[in-house]
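Peer 1: the following comprises the amino acid sequence and a computationally predicted model.
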Number of protein chains: 2
Amino acid sequence: MILAMNHPKRATISEIAARAGVSKGAVSFALNGRPGVSEETRTRVQAIADELNWKPNRAARALGQSQAGAIGFVLNRSARILGTETFFPQLLSGMQLGLTGSHTALHMMVVGSVEEEMEAYREWWQSRIVDGVIMVDPRVDDPRLEVLEHLGLPAVQVAGHPSQTAAIPAVWADDRAATDTLVRYLHGLGHRRIAYVAGPEELEHTQLRRQEFSASAEALGLDASQSVISGYEADDAARVTRELLGRSARPTAVMYDTDVMAMASLRAAQGLGLRVPDELSIVSFEDSLLVQLGNPPITSLTRDTVAFGTLAVKTLLEHIAAETSVPSIEGAQPRLSIRESSGPAPPSS
Amino acid sequence: MILAMNHPKRATISEIAARAGVSKGAVSFALNGRPGVSEETRTRVQAIADELNWKPNRAARALGQSQAGAIGFVLNRSARILGTETFFPQLLSGMQLGLTGSHTALHMMVVGSVEEEMEAYREWWQSRIVDGVIMVDPRVDDPRLEVLEHLGLPAVQVAGHPSQTAAIPAVWADDRAATDTLVRYLHGLGHRRIAYVAGPEELEHTQLRRQEFSASAEALGLDASQSVISGYEADDAARVTRELLGRSARPTAVMYDTDVMAMASLRAAQGLGLRVPDELSIVSFEDSLLVQLGNPPITSLTRDTVAFGTLAVKTLLEHIAAETSVPSIEGAQPRLSIRESSGPAPPSS
DNA sequence: CTTCCAAACTAAACCGATATAGTCAAGACC
DNA sequence: GGTCTTGACTATATCGGTTTAGTTTGGAAG
């Protein structure tokens, strides 16, 4: 800035020391509540610091104690998909809640591939920008775990089951139980031909859910039930749904991995002239405003994503502070929110 | 960590210097492409740095040159609302795009009030955590502008019109023109009683849009048209809509500020037995997957929010680098995406 | 009246980079 | 041959904190 301004000068510890007539070290002791200064000096220093509106310079502190004072979060999502996600902003809110009071900042980045994500971890860690990271969307044989472990970068994954890798604790939700809940609910309504439209195969929870879906269907004797893979995009799910419903013995109920998939498919089914829920029941693994505002609103599993974010951050902070591994933690179970998109199986089946 | 591990040690410039047999300064010159070292030394140093996988310590660099290497973004949103927003994640993606290649990180925080937001600005600036911030949702007589100016914290606002405050440049969209577009579109379809359900009054764009709505309606001779205030929550909008539609001379078309408001109101109207668009046309200022998956899909103004984010970040980086004020910039105009929720006014009107 | 100890400090090193002032040798020039 | 200049470095200060190793002082204990 060229013009002279009355912007408050950003005070340093040396200025405070000069004003208080003590050394820098004494000021540091006083402001950090450590022993080594008298109570009287402490209050005097504190008063001066308050008056000058002093805040510790993050870079200096980080440099001194080799700590960044921030955690990182990389989200691998295309811009288009991101705007439709309810999971992410909710998780973010929760993470924020977990951070309040810890004087830790959140560093974040949106990327388009796993490679970029791993590169971000490497760079953040080498540059001491973060002290740890939260990782989401675990994959089958996830290459990121290897990178995190190799770097020694503290991390917590938000996952569908406890980490295989002891070094990377997980905050997890029981995806198997969730799947079972949906299948049994539909079975209880009389459905015998149930389809499950799952997301990308490489995601770990896709695999967990599909396995459980098969096991559950078999246990209940639902022979004609099957799961199919679809992309997370609305169009993908709609196309897969139209294909499913065009078959000779079409399913009477369909389960979807996400809110977007369920909503897009609801419209696709209605476009084929099927009445929901009279002729077809639709349920979703993911609850959100989107499915709540559907016509009809869609029955879904409600998960407290905000709480998950908070739990993940707290676990990570603990992990960082302890400098030792912490155990995986199971988050709250999802609840089934029954809405108008699901009902008794049609008699003809 | 207690166990011995093969984690790569995070190399420092001193180690590189030792290995190359030169001084720290020479290494710094070599790695930053400055004169003072021979080409031969430069390549040798670079090779060693690559081998050790060296990345500059961000804190050390920040401390030295009094630059944080990060920009900040505070979002004032409740966790519940946040999960339903499409604006925010899209803006975030755009911001990310604007940051790529600049070696600048994004620091972010979700808060629940303007006061917390201002406190975050103060703290971030005093602690040198950020070099500048992106501010969204300008308000009427916005107290944040004062704080930003007083601190001398470089900022860019994403706004509905150019900044009144020369010191805080804006990346803006012409909200007046947008409002006019919607009103004229509905007028062209024969609608004469148009209602506008706007968001919170304290937001600047609410005021801009309402003013223009009145002016536009008057110019077209739409006497019975009016705008009403509603919260951004789905329930608020639905309640306001039911109230509007319950009146004796009910509107034949309603405009909504956001996608969520439009969707919730669509269901509310359908709940009252009104057919959309035959008896009631609904349009939204905001496009998103939500309105696209509506039943029927809702006519809306499509804005390139991602591009706005990118533009805002680029403007901010320029602002920071130039250390002088930069002018406000107008972003791309929104386009009207006509869908099935709007049609000719019913004959009875 | 020493001696010892703890409390309350100060001085200085340190973190890892950048920036600046010097040093040194080789070559140019008068 | 002596002075200048330039390139290629080295040594050191610096950023703003934290931390460690002293130092001073007052009072208690012997």
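Peer 2: Sure thing, it's come through.

Peer 1: the closest residue to A:V130 other than its chain neighbours sits in which helix or strand?
Peer 2: With sequence-adjacent residues excluded and distances taken as C-beta to C-beta, 6 or more residues apart in numbering or on different chains, A:V130 is closest to A:G72, at 3.8 Å. Just so you know, the C-beta spots here come from the backbone N, C-alpha and C atoms, and that holds for glycine as well. Using DSSP states H and E, A:G72 sits in strand A:70-76.

Peer 1: before we move on, what about A:A307?
Peer 2: helix A:305-322.

Peer 1: need the contact list for A:E116.
Peer 2: A:N76 (C-beta atoms under 8 Å, 6 or more residues apart in numbering or on different chains).

Peer 1: re the thing from before, what's the burial count for the residue nearest to A:V130?
Peer 2: 25 (other C-beta atoms under 10 Å in any protein chain shown).

Peer 1: for DNA strand D, see how far away it is.
Peer 2: Going from A:G72 to DNA strand D by C-beta to the nearest atom of the strand, to the nearest Å gives 22 Å.

Peer 1: go ahead and confirm that residue touches A:G132.
Peer 2: Yes - using C-beta atoms under 8 Å, A:G72 is in contact with A:G132, at 7.3 Å.

Peer 1: ok so, going back, report whether the helix holding A:A307 contacts DNA strand D.
Peer 2: No - counting by C-beta under 7 Å from any atom of the strand, DNA strand D has no neighbours in helix A:305-322; the shortest distance is 13.3 Å.

Peer 1: does that helix reach chain B?
Peer 2: Yes - applying C-beta under 8 Å from any C-beta of the partner chain, one finds that helix A:305-322 is in contact with chain B at A:305-306.

Peer 1: against which helices or strands is that helix packed?
Peer 2: Under the contact criterion of 3 or more C-beta pairs under 8 Å, 6 or more residues apart in numbering or on different chains; DSSP states H and E, helix A:305-322 touches strand A:70-76, helix A:87-99, strand A:132-136, strand A:155-159, strand A:170-172.

Peer 1: so what touches that helix?
Peer 2: Applying C-beta under 8 Å, 6+ apart, the contact partners of helix A:305-322 are A:71, A:86-87, A:90-99, A:102, A:104, A:131-134, A:154-156, A:158, A:169, A:171, A:173, A:325-326, A:329, A:331-332, B:79, B:83.

Peer 1: try 7 Å
Peer 2: With C-beta atoms under 7 Å, 6 or more residues apart in numbering or on different chains as the test, helix A:305-322 has contacts from A:71, A:87, A:90-95, A:97-99, A:102, A:104, A:131-132, A:134, A:154, A:156, A:158, A:169, A:171, A:326, A:329, A:331-332, B:79.

Peer 1: filter the residues you listed down to the buried ones, PyMOL style.
Peer 2: Remark: buried members of these, expressed as a PyMOL selection using 16 or more other C-beta atoms under 10 Å in any protein chain shown:
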select buried, (chain A and resi 71+87+90+91+92+93+94+95+97+98+99+104+131+132+134+154+156+158+169+171+331) or (chain B and resi 79)
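
Peer 1: hmm, back to that, among the helices and strands packed on helix A:305-322, which comes closest to B:P296?
Peer 2: With C-beta to C-beta as the measure, helix A:87-99 is the member of the helices and strands packed on helix A:305-322 nearest B:P296 (26.6 Å).

Peer 1: pLDDT (mean, whole number) over the closest one?
Peer 2: Averaged across helix A:87-99, the pLDDT comes to 89.

Peer 1: same question for stretch A:291-298.
Peer 2: Averaging pLDDT along stretch A:291-298 yields 91.

Peer 1: re earlier: show me what the strand holding A:G72 is packed against.
Peer 2: Judged by 3 or more C-beta pairs under 7 Å, 6 or more residues apart in numbering or on different chains; DSSP states H and E, strand A:70-76 is in contact with strand A:105-111, helix A:114-126, strand A:132-136.

Peer 1: okay, those in a markdown table with distance to DNA strand D and mean pLDDT next?
Peer 2: As requested, those are exported to a markdown table (distance: least, C-beta to the nearest atom of the strand, whole Å; pLDDT from 0 to 100):
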| stretch | distance to DNA strand D | mean pLDDT |
| --- | --- | --- |
| strand A:105-111 | 16 | 89 |
| helix A:114-126 | 19 | 93 |
| strand A:132-136 | 19 | 96 |
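
Peer 1: now render these as TSV, adding distance to B:S23.
Peer 2: Putting the helices and strands packed on strand A:70-76 into TSV (distance: least, C-beta to C-beta, whole Å) gives the following:
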stretch	distance to B:S23
strand A:105-111	33
helix A:114-126	22
strand A:132-136	34
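
Peer 1: out of the ones you listed, nearest to B:V22?
Peer 2: That would be helix A:114-126 among the helices and strands packed on strand A:70-76, by C-beta to C-beta, at 21.5 Å.

Peer 1: any idea of the angle the closest one forms with strand A:132-136?
Peer 2: 160 degrees (axes from the mean of the first three to the mean of the last three C-alpha atoms, to 10 degrees).

Peer 1: quick one, helix A:114-126 and strand A:70-76 angle?
Peer 2: 170 degrees.

Peer 1: buried set for helix A:114-126?
Peer 2: For helix A:114-126, burial by neighbour count (16+ other C-beta under 10 Å) applies to A:114, A:117-118, A:120-126.

Peer 1: residue nearest the centroid of chain A?
Peer 2: Note on chain A: the residue nearest the mean C-alpha position is A:L91, at 4.5 Å, using C-alpha atoms, centre = their mean.

Peer 1: which ones are touching it?
Peer 2: Counting by C-beta under 7 Å, 6+ apart, A:L91 has contacts A:305, A:308-309.

Peer 1: dump those to a markdown table, plus neighbour count and pLDDT.
Peer 2: A markdown table is the format used below for the contacts of A:L91 (neighbours: other C-beta atoms under 10 Å in any protein chain shown; pLDDT from 0 to 100):
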| residue | neighbour count | pLDDT |
| --- | --- | --- |
| A:T305 | 26 | 90 |
| A:F308 | 23 | 93 |
| A:G309 | 30 | 95 |
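
Peer 1: wait, which of those is closest to chain B?
Peer 2: Set against chain B, the nearest of these by C-beta to the nearest C-beta is A:T305 (7.5 Å).

Peer 1: between all of the buried residues of helix A:114-126, which two are separated the most?
Peer 2: A:V114 and A:Q126 (18.7 Å).

Peer 1: about what we covered before: contacts only, for the residue nearest to A:V130.
Peer 2: Taking C-beta under 7 Å, 6+ apart as the test, what A:G72 contacts is A:107-108, A:124, A:130, A:133.

Peer 1: top of the residues you listed by neighbour count?
Peer 2: Using other C-beta under 10 Å as the neighbour criterion, A:V130 leads those with 28 neighbours.

Peer 1: three-state assignment of it?
Peer 2: Three-state call for A:V130 (DSSP: H, G, I helix; E, B strand; the rest coil): coil.

Peer 1: same check on A:A238?
Peer 2: Going by three-state DSSP: A:A238 is helix.

Peer 1: wait, it sits on A:M263?
Peer 2: No - proximity of A:A238 to A:M263 does not meet the contact threshold set by C-beta atoms under 7 Å, at 9.5 Å.

Peer 1: who's more crowded, the two?
Peer 2: Per other C-beta under 10 Å, whichever of A:A238 and A:M263 has more neighbours is A:M263, with 31 against 21.
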